[in-house]
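**Q** What follows is a predicted protein model with its sequence.
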Amino acid sequence: MPSEKSGNFYLNLIISVGLIVACGVWFVWYYVAPEYYGVGYAPVQPIPFAHAIHVGALKLDCRYCHTDVDKSWYANLPDSKTCMNCHQELLPETPRLKVLFDSVKKNEPIPWIKVHDLPDYVYFNHEIHVHSGVGCVECHGRVDKMVRTQQVKSLSMAFCLACHRNPASYLRPPAKVYDMTWSMDDEARLELGRKLQEELNIVASDDCSDCHR
Ligand code: HEC
Ligand code: HEC
Ligand code: HEC
Ligand code: HEC
Ligand code: HEC
């Protein structure tokens with residue numbers, strides 16, 4: 001029966017076109033959405049906290065808030081009490097801090113939205129990088145200038161390996177790890193980096209099990 005045949009034909013056509021459109025949407029969403037590349041991802045946070053004020057202007061050390069970054073794989077976020085050291089007195093009326101005061105009242109953490117997020121199959125560790133003289137700025141950029149925190153490096157495997165295979169030109173004295181503005185000209189830095197690599201016993205390596213265990 002010809003009419004049934006052409007019915008099937010149109011049905012198939014509609015399904016095929018639907019699938020092609022769905023694949024296109026998935027492709028664009030997956031590859032173009034900044035969450036996938038990561039770079040530029042800057043979610044709106046429950047409180048408009050600005051590193052530009054607290055680090056850039058007030059010159060607070062990263063460890064004032066991220067207290068465990070040099071002792072743990074995980075760089076913790078500060079609890080509300082840390083903010084209250086100042087905001088008990090400072091700007092208590094502003095609605096922009098309402099979430100902070102609510103969190104203290106209810107004794108609940110502030111629901112910050114994660115900015116950086118590696119896939120679970122990748123092992124990462126902050127403490128090791130801190131003690132190896134890798135500055136926060138290498139992976140997080142100029143946090144001291146950020147009004148809203150954002151991801152600025154891809155944190156892709158190629159990004160990690162570029163440094164792991166050839167760390168000398170990226171190293172700095174461990175005392176300067178938190179310093180966002182430390183700099184040196186390239187040649188002098190490479191020379192210093194080679195010395196540090198030897199002193200700190202850092203091995204250039206791209207062994208898969210360093211990051212996939
Ligand atoms: C006064 C406290 C404070 C200080 C000082 C501070 N931070 Fe933060 N940091 C926060 C808070 C709160 C958040 C969560 C909100 C956000 O992402 O903006 C955060 C988030 C971050 C994030 C993103 C975390 C994620 O979700 O992936 C990075 C990276 C970061 N800080 C790096 C730094 C660096 C580097 C320094 C020092 C140069 C620093 N911070 C100093 C309070 C602080
Ligand atoms: C060392 C003291 C100090 C600490 C600790 C601190 N702040 Fe601040 N904060 C300030 C100062 C100073 C300002 C700027 C005040 C001004 O603009 O007059 C500020 C401004 C702010 C503002 C801007 C308010 C507005 O009206 O735009 C927000 C939001 C804020 N802080 C949130 C936080 C959060 C969240 C924490 C904890 C993670 C925190 N602060 C920890 C001192 C501090
Ligand atoms: C070698 C790259 C690298 C360096 C150096 C680095 N970070 Fe990170 N940071 C990351 C990665 C990758 C993540 C995401 C970790 C995850 O998803 O498990 C992250 C996440 C964070 C977070 C969110 C909480 C967490 O642990 O997931 C904070 C806060 C943070 N870093 C602060 C810092 C500070 C402060 C420094 C400097 C002392 C620093 N980072 C140095 C790569 C780095
Ligand atoms: C700018 C340089 C740099 C970047 C970028 C970097 N690392 Fe590292 N990483 C180092 C150095 C230096 C060491 C110390 C190596 C040593 O002690 O031999 C290290 C060590 C490590 C270790 C511990 C390895 C061990 O021997 O146990 C892990 C895990 C690691 N890095 C993961 C990562 C991941 C994942 C990324 C990317 C998201 C990354 N690193 C990006 C410099 C870097
Ligand atoms: C210095 C850390 C590091 C080392 C060493 C490393 N990787 Fe990775 N690898 C990563 C990171 C980070 C990702 C996640 C990349 C992303 O999110 O796009 C990843 C992702 C992957 C993926 C998933 C592929 C993808 O694009 O989704 C595979 C497969 C992989 N790695 C294999 C390897 C193999 C094989 C080796 C050894 C030759 C190796 N890795 C060494 C950090 C590392």
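**A** Arrived safely. Ligands and ions are numbered 1, 2, ... in the order given.

**Q** Stretch 197-210 vs ligand 3: in contact?
**A** No - among the residues of stretch 197-210, none lie within reach of ligand 3 under C-beta under 6 Å from any ligand atom; the closest is 12.1 Å away. For every residue, glycine as well, the C-beta is placed using N, CA and C.

**Q** Alpha carbons of that stretch, as CSV, please.
**A** The C-alpha trace of stretch 197-210 is given here as CSV (Å, rounded to 0.1, in the frame of the first residue of the first chain):
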residue,chain,number,x,y,z
GLN,A,197,63.9,22.3,41.1
GLU,A,198,67.1,20.8,42.4
GLU,A,199,66.8,22.1,45.9
LEU,A,200,63.2,21.0,46.3
ASN,A,201,63.9,17.7,44.5
ILE,A,202,61.2,18.2,41.9
VAL,A,203,61.1,15.5,39.1
ALA,A,204,59.8,16.4,35.6
SER,A,205,57.3,13.7,35.0
ASP,A,206,54.2,12.8,32.9
ASP,A,207,53.6,9.5,34.5
CYS,A,208,49.9,8.8,34.1
SER,A,209,49.6,7.6,37.7
ASP,A,210,50.7,11.0,39.1
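
**Q** just how off-centre is that stretch within its chain?
**A** How far stretch 197-210 lies from its chain's middle: 23 Å, per C-alpha atoms, centre = their mean, to the nearest Å.

**Q** same thing with stretch 168-184?
**A** That offset, for stretch 168-184, works out to 19 Å (C-alpha atoms, centre = their mean).

**Q** mind listing what His129 touches?
**A** His129 sits next to Cys139 when contact means C-beta atoms under 8 Å, 6 or more residues apart in numbering.

**Q** tell me the SS of it?
**A** Following DSSP: H, G, I helix; E, B strand; the rest coil, we place His129 in the helix state.

**Q** Quick check: it vs Tyr178, distance?
**A** 12 Å (C-beta to C-beta, to the nearest Å).

**Q** before we move on, which element is Pro78 in?
**A** Per DSSP states H and E, Pro78 falls between elements, in no helix or strand.

**Q** So for it, what's the pLDDT?
**A** What the model reports as pLDDT for Pro78 is 97.

**Q** try the one 10 residues further on
**A** Per-residue pLDDT puts Gln88 at 92.

**Q** Pull the number of nearby residues for it.
**A** By the criterion of other C-beta atoms under 10 Å, Gln88 has 11 neighbours.

**Q** Also Lys114?
**A** 8.

**Q** what's the distance between it and ligand 4?
**A** 15 Å (C-beta to the nearest ligand atom, to the nearest Å).

**Q** same thing with Phe101?
**A** Distance of Phe101 to ligand 4, given as C-beta to the nearest ligand atom: 36 Å.

**Q** Look at that residue and give its secondary structure.
**A** Here Phe101 is helix, with the state taken from three-state DSSP.

**Q** wait, it sits on Glu93?
**A** No - using C-beta atoms under 8 Å, Phe101 is not in contact with Glu93; the gap is 10.0 Å.

**Q** out of the two, which sits in the busier spot?
**A** Taking other C-beta under 10 Å, Phe101 and Glu93 do not tie; Phe101 has more neighbours (16 against 7).

**Q** Could you pull up the residues touching the more buried one?
**A** Pro92.

**Q** confidence score at it?
**A** 95.
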